[in-house]
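Asks: Predicted model and sequence follow; I will ask about them next.
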Amino acid sequence: MQLLYLVVILAILFDFINGFHDAANSIATIVSTKVLSPLSAVIWAAAFNFLAYWLFELHVADTVSKSVKPEGINLIVVLSGLIAAIIWNLVTWWYGIPSSSSHTLIGGFVGAAIAYAGFEVVKLDKVLPPLFFIVLAPVIGMTISYLISLLTLFICKRSHPYKVDKIFRRMQLFSAAAYSLGHGGNDAQKVMGIIGAALIASNVIPDMKHLPGWVPFACYSAIALGTIFGGWRIVKTMGQRVTKLKPFEGFSAETAGAITLFTTGALGVPVSTTHTITGAIIGVGVSKRVSAVHWGVTVELIWAWILTIPVTALLAMAVFEVINMFMK
């Protein structure tokens, strides 16, 4: 039982780290356009992260908990995956790399399960969709934000720039709120799935339908608190280095990101909020001109995305072997 308590504590710690690691996803655009100060932005984002608790069903949590067959799960597997995920999140946060906490967690969980019971315990029908969305999420976000930007430019082409700026500074509050809802409804649920898998493996609950109420409450609270503490290193990368943003562009990116997250959340597909908002920011940059996007920075981000799952999987395998050795 003590091991279960440790797993739950580490899972909530990961959710907290996820919040400050991914704070940039929720606030980078609204901070870079100077609509809100950094402190006001994280409080705004955290509030809507937590509000997601009452608005989203646990489709994503169910998908994550079932990414590995029951015979491939025990508490050491879950513990190893969480430790690997926490290490990778802290390393990428330190270097200001907006990697995916979602893929970090899935890679760690699957890698530890493979070390324990072999590759055959991985449920490919649950794992493959997140892999596909490494490519699809940023492309969808980019496409939607590009179209919204073009539509906005067309509607406002006869308006005074000052008036347009004033209107979209207000509208960005709503688009940032919507994106933060999607962030809370997507990312916090992944940790619920991990805690649910641990509770099932410990015979505390029979399945995810019996997930105790304190689990979603704790997860949403942790990610909201993490967002309040912020991730300023990554804010700089997302809000300034990819492309420069004006309020109407920030609105377009956040709205596109929110649409993507709400849709994938309803489908139960765990996607990367990092990939989604990065694609959306690139989309608004391309709507100005292709050269407005700093493609060198973008290529660096893509490499981080590609490496996240295999690196965390290998790290989780190593952690599992070390823990298993000491347990024996």
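Replies: That came through fine. Residues are numbered from 1 along each chain as shown.
Asks: and Thr255, what element?
Replies: Thr255 belongs to helix 247-267 when assigned by DSSP states H and E.
Asks: Can you show me the CA trace of that helix as PDB?
Replies: Extracted as PDB, the C-alpha positions of helix 247-267 are listed here (Å, rounded to 0.1, in the frame of the first residue of the first chain):
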ATOM      1  CA  PRO A 247      -3.500  40.400 -30.700                       C
ATOM      2  CA  PHE A 248      -5.600  39.200 -33.700                       C
ATOM      3  CA  GLU A 249      -2.900  36.600 -34.400                       C
ATOM      4  CA  GLY A 250      -2.800  35.500 -30.800                       C
ATOM      5  CA  PHE A 251      -6.600  35.200 -30.900                       C
ATOM      6  CA  SER A 252      -6.400  33.100 -34.100                       C
ATOM      7  CA  ALA A 253      -3.700  30.800 -32.700                       C
ATOM      8  CA  GLU A 254      -5.600  30.300 -29.400                       C
ATOM      9  CA  THR A 255      -8.900  29.700 -31.000                       C
ATOM     10  CA  ALA A 256      -7.400  27.100 -33.400                       C
ATOM     11  CA  GLY A 257      -5.700  25.400 -30.500                       C
ATOM     12  CA  ALA A 258      -8.900  25.300 -28.500                       C
ATOM     13  CA  ILE A 259     -10.900  23.800 -31.400                       C
ATOM     14  CA  THR A 260      -8.300  21.100 -31.900                       C
ATOM     15  CA  LEU A 261      -8.200  20.200 -28.200                       C
ATOM     16  CA  PHE A 262     -11.900  20.200 -27.700                       C
ATOM     17  CA  THR A 263     -12.400  17.900 -30.700                       C
ATOM     18  CA  THR A 264      -9.600  15.400 -29.800                       C
ATOM     19  CA  GLY A 265     -10.700  15.400 -26.200                       C
ATOM     20  CA  ALA A 266     -14.200  14.400 -27.200                       C
ATOM     21  CA  LEU A 267     -12.800  11.600 -29.300                       C
END
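Asks: confidence score at Arg241?
Replies: For Arg241, the pLDDT comes out at 48.
Asks: before we move on, which element is Phe132 in?
Replies: Element membership for Phe132, per DSSP H and E: helix 124-155.
Asks: just Trp93 next, same as before
Replies: For Trp93, the host element (DSSP H and E) is helix 75-94.
Asks: Off-centre distance for the helix holding Phe132?
Replies: Mean C-alpha position of helix 124-155 versus that of the full chain (CA atoms, centre = their mean, to the nearest Å) differs by 14 Å.
Asks: List the buried residues for that helix?
Replies: Residues 126-127, 129-130, 133-134, 136-146, 148-149, 152 are the ones in helix 124-155 that count as buried (16 or more other CB atoms under 10 Å). Using the backbone N, CA and C atoms, a C-beta is placed for each residue, glycine as well.
Asks: Starting from that helix, tell me the next helix or strand along the chain.
Replies: Following helix 124-155 in sequence order, the next helix or strand is helix 161-201 (DSSP H and E).
Asks: Can you spell out which helices and strands pack onto the helix or strand following that following helix?
Replies: Downstream of helix 161-201, the first helix or strand assigned by DSSP H and E is helix 214-229. Other helices and strands packing on helix 214-229, by 3 or more CB pairs under 8 Å, 6 or more residues apart in numbering; DSSP states H and E, are helix 2-21, helix 23-32, helix 38-51, helix 161-201.
Asks: what's the angle from the helix holding Trp93 to helix 161-201?
Replies: Orientation note: helix 75-94 sits at an angle of 160 degrees relative to helix 161-201 (axes from the mean of the first three to the mean of the last three CA atoms, to 10 degrees).
Asks: What mean pLDDT does helix 75-94 get?
Replies: 90.
Asks: what's the neighbour count on the nearest residue to Thr255 once chain neighbours are set aside?
Replies: The shortest distance from Thr255 to any non-neighbouring residue, by CB to CB, 6 or more residues apart in numbering, is to Ser175 (4.6 Å). Neighbours of Ser175 under the rule other CB atoms under 10 Å: 24.
Asks: Okay, Ser175 and Thr104: tell me how far apart.
Replies: As judged by CB to CB, to the nearest Å, Ser175 and Thr104 stand 26 Å apart.
Asks: can you check Gln172 too?
Replies: Following CB to CB, the distance that separates Gln172 from Thr104 is 29 Å.
Asks: show me the contacts for Val121.
Replies: Contact analysis of Val121 by CB atoms under 8 Å, 6 or more residues apart in numbering lists 68-69, 71-72, 113-114.
Asks: pLDDT, distance to Glu249 and neighbour count for those residues - can I get that in JSON lines?
Replies: Formatted as JSON lines, these follow (pLDDT from 0 to 100; distance: CB to CB, whole Å; neighbours: other CB atoms under 10 Å):
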{"residue": "Val68", "pLDDT": "92", "distance to Glu249": "41", "neighbour count": "26"}
{"residue": "Lys69", "pLDDT": "91", "distance to Glu249": "45", "neighbour count": "14"}
{"residue": "Glu71", "pLDDT": "90", "distance to Glu249": "49", "neighbour count": "12"}
{"residue": "Gly72", "pLDDT": "91", "distance to Glu249": "45", "neighbour count": "24"}
{"residue": "Ala113", "pLDDT": "96", "distance to Glu249": "42", "neighbour count": "30"}
{"residue": "Ile114", "pLDDT": "96", "distance to Glu249": "42", "neighbour count": "21"}
